[in-house]
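Asker: Okay, here's the prediction I keep looking at, along with the sequence it came from:
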Amino acid sequence: KIAYALTAIKGCGRRFAHIVCKKADVDVQKRAGELSAEEIERIVTILQNPRQFKIPDWMLNRKKDIKDGRYTQQVANMWDNKIREDLE
């Protein structure tokens, strides 16, 4: 299922994956290999800019960033980079 497949991306949990699929109008029961290129593009866009698609701030994994105070969702290698920057 696509929602479970999205959880393999670092920084994307089950709840966030489900809401991304709903905002992208993708059937949650579809398998990851059955998605069209358009559906994949919509999912990627929402993962990169969740606040533009009215995903609530409390659901994001980067609340009130230490340096700039913004709410963001970090996924994949950006998550590692932000953690490394915080520790330095």
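Answerer: Good, I have the coordinates. Numbering: from 1, shown residues only.
Asker: Quick one: residues contacting the residue nearest in space to the middle of the chain.
Answerer: The residue lying closest to the centre of the chain (CA atoms, centre = their mean) is Leu47, at 3.7 Å. If you count contacts by CB atoms under 8 Å, 6 or more residues apart in numbering, Leu47 has them with 9, 12, 20, 73, 75. C-beta: built from backbone N, CA, C; applies to glycine.
Asker: Give me the pLDDT for the nearest residue to the first one once chain neighbours are set aside.
Answerer: Put plainly, it is Ile9. Excluding the flanking residues, the one nearest Ile9 by CB to CB, 6 or more residues apart in numbering is Val75, at 5.4 Å. With respect to pLDDT, Val75 scores 73.
Asker: How about Asp80?
Answerer: So Asp80 comes in at 63 (pLDDT).
Asker: hang on, the earlier thing: ok, now how distant is the residue nearest to Ile9 from Ile46?
Answerer: Distance of Val75 to Ile46, given as CB to CB, to the nearest Å: 11 Å.
Asker: Show me which of those two is the more surrounded one.
Answerer: In terms of neighbours (other CB atoms under 10 Å), Ile46 is the more surrounded of Val75 and Ile46; the figures are 21 against 18.
Asker: Please enumerate the strands of the chain.
Answerer: Using DSSP state E, no strands are found in the chain.
Asker: In it, what helix or strand scores lowest on average pLDDT?
Answerer: helix 77-87 (a mean of 69; mean pLDDT, DSSP states H and E).
Asker: that older thread, so which of the contacts of Leu47 wins on neighbours?
Answerer: Val20 (25 neighbours).
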